[in-house]
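*Asks:* Need coordinates for the following:
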Amino acid sequence: VFPKNLPGLPPEREVEFPIELIPGFTPISITPYRMAPAKLRELKAQLQELLEKGFIRPSVSPWGAPVLFVKKKYGTLRLCINYRQLNRITIKNRYPLPRIGDLFDQLKGAKVFSKIDLRSGYHQLRVREEDIPKMAFRTRCGHYEFLVMPFGLTNAPAEKELYAKLSNCEFWLDEVTFLGHVVSTEGVKVDPSKIQAVVEWRPTKSPTEDVKFIWDDKCQDSFETLKSLLTEAPILTLPTEGKEYVVYSDASHNGLGCVLIQEGKVISYASRKLKPHELNYPTHDLELAVVVFALKIWRHYLYGEKCHIFIDHKSLKYLGTQKELNLRQRRWLELIKEYDCPIDYHPCIPMWLSMP
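*Replies:* Residues are numbered from 1 along each chain as shown. Here you go, the predicted model:
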């Protein structure tokens with residue numbers, strides 16, 4: 001499972017990597033990119049290694065893509081083939097990608113985390129024999145084609161029985177970085193490395209000596225407050241199925257805002273600006289609009305679950321007993337009835353909820 005190097009060509013499996021092209025296109029060949037001497041030496045070394053392992057072979061294919069290097073996380077160089085032109089004429093597989101929020105929800109209850117890094121994962125699946133010429137690439141050192149799936153192609157299929165790289169794996173972690181976030185038993189927070197640019201953001205200076213840019217202590221305090229709000233996001237907890245949710249909502253003429261809470265811990269925030277036609281809504285309809293907004297955006301949490309909605313507008317408490325409703329209110333009321341969510345008045349909802 002953790003070899004120092006891949007043993008050679010992967011075993012034959014039921015799944016091979018195919019490339020189906022849109023009919024009518026002719027082979028595409030692009031001139032190789034120029035490289036610095038250091039990268040050229042690295043290219044020769046990596047090509048020799050790929051040849052020895054049997055991953056590539058010399059080619060006379062009419063296809064040819066250029067190569068380039070991309071620096072990895074640990075400083076080494078990854079050989080990449082620019083297959084953008086080939087990808088452009090490839091028939092794309094259609095399959096649903098999971099939402100990031102759904103992936104985070106699946107981690108609820110996890111206490112120990114691990115990270116497993118595949119060793120050259122793209123080299124662990126064979127290419128269908130008739131499609132090998134399409135993956136040819138051109139370099140100053142020669143013309144080659146891959147026998148295994150290279151990095152950079154679209155439609156990469158699911159892989160099974162793969163090898164991992166032990167030096168890049170981490171086990172028994174209290175928290176793990178995942179999709180730009182840090183996940184732990186406490187919940188989800190922003191990865192600090194992703195907000196470093198905002199932390200190091202410096203105030204604007206005068207473009208020239210003749211044009212003075214006014215910047216006083218008050219401006220600096222506001223600037224630091226803005227950076228703090230952008231970088232110090234609260235930790236969001238992961239929801240537990242079967243436990244009651246609480247929604248606090250508020251509306252203003254700036255926008256709609258709401259927060260989803262479970263057992264006193266924040267699960268999610270949501271807000272948006274008003275649409276042009278919503279600027280004409282009376283206060284009653286705006287407060288109802290934010291309730292509908294919350295139910296729609298968190299439907300995957302709230303539908304079929306017990307939830308309690310708090311607003312700061314008393315009249316909505318009696319929405320179900322009002323005799324005269326316009327068509328929009330009737331439509332919204334029908335949507336609200338799909339949920340088990342009593343609406344109550346709460347006078348202390350902060351106004352910043354409705355400021356997107």
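
*Asks:* Helices along the chain, start to end?
*Replies:* 37-53, 84-88, 100-105, 196-199, 217-231, 283-297, 299-302, 327-336 (DSSP state H).

*Asks:* and the last one, what other elements does it pack with?
*Replies:* In terms of contacts (3 or more CB pairs under 8 Å, 6 or more residues apart in numbering; DSSP states H and E), helix 327-336 is packed against helix 283-297. No exception for glycine: its C-beta is placed from N, CA and C like everyone else's.

*Asks:* what does the helix it packs on rub up against?
*Replies:* Contact with helix 283-297 is made by 247, 249-253, 256-258, 260, 270, 272, 274, 278, 281, 302, 309, 311-313, 315-316, 319, 328-329, 332, 335-336, 339, 341, 343, 354, as judged by CB atoms under 8 Å, 6 or more residues apart in numbering.

*Asks:* One more: stretch 341-350?
*Replies:* By CB under 8 Å, 6+ apart, stretch 341-350 touches 247-250, 291, 295, 302, 307-314, 316-317, 319, 336.

*Asks:* I'd like the list of those residues that fall within strands, please.
*Replies:* 247, 248, 249, 250, 307, 308, 309, 310, 311 (DSSP state E).

*Asks:* is it true that the fifth one touches residue 336?
*Replies:* No. Under the contact definition of CB atoms under 8 Å, residue 307 does not touch residue 336, with a separation of 11.1 Å.

*Asks:* Looking at these two, which has the bigger crowd around it?
*Replies:* Neighbours per residue (other CB atoms under 10 Å) separate residue 307 from residue 336, with residue 307 holding more: 21 against 17.

*Asks:* neighbours of the closest residue to that one other than its chain neighbours, just the number please.
*Replies:* Leaving aside its sequence neighbours, residue 307 sits nearest to residue 245 (CB to CB, 6 or more residues apart in numbering; 4.0 Å). Residue 245: 20 surrounding residues under other CB under 10 Å.

*Asks:* Against residue 306, how distant is residue 245?
*Replies:* 7 Å (CB to CB, to the nearest Å).

*Asks:* and what of residue 62?
*Replies:* Counting by CB to CB, the gap from residue 62 to residue 306 is 65 Å.

*Asks:* And the strands in the stretch 1-150 of the chain, which stretches?
*Replies:* Counting by DSSP state E, counting those that start in this stretch, one finds strands in the stretch 1-150 of the chain at the ranges 56-58, 67-71, 77-81, 113-115, 136-139, 142-146.

*Asks:* what's the span of stretch 45-60, first residue to last?
*Replies:* 22 Å (CA to CA, to the nearest Å).

*Asks:* Would you enumerate the residues in contact with residue 219?
*Replies:* Residue 219 touches residue 203, counting by CB under 8 Å, 6+ apart.

*Asks:* For it, give its distance to residue 204.
*Replies:* Taken as CB to CB, the span from residue 219 to residue 204 is 9 Å.

*Asks:* rewinding a little: and the ones in strands among the contacts of stretch 341-350 as TSV, adding pLDDT and distance to residue 143?
*Replies:* Listed next are these as TSV, based on pLDDT from 0 to 100; distance: CB to CB, whole Å:
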residue	pLDDT	distance to residue 143
247	94	62
248	92	64
249	90	63
250	88	65
307	92	63
308	92	68
309	91	66
310	91	68
311	88	69
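
*Asks:* tell me the two of those residues that are most distant?
*Replies:* 250 and 307 (16.7 Å; CB to CB).

*Asks:* Hmm, residue 220 and residue 203 touching each other?
*Replies:* Yes. Because the distance of 6.6 Å satisfies CB under 8 Å, residue 203 is recorded as touching residue 220.

*Asks:* since we're on residue 295, how many residues are nearby?
*Replies:* So residue 295, with other CB under 10 Å, has 23 neighbours.

*Asks:* Residue 259 too?
*Replies:* By other CB under 10 Å, the residues close to residue 259 number 19.

*Asks:* Residue 99 too?
*Replies:* 10.

*Asks:* Tell me how far it lies from residue 106.
*Replies:* 11 Å.

*Asks:* I'd like to know how far the closest residue to residue 192 other than its chain neighbours sits from residue 222.
*Replies:* Leaving aside its sequence neighbours, residue 192 sits nearest to residue 182 (CB to CB, 6+ apart; 7.7 Å). Going from residue 182 to residue 222 by CB to CB gives 28 Å.
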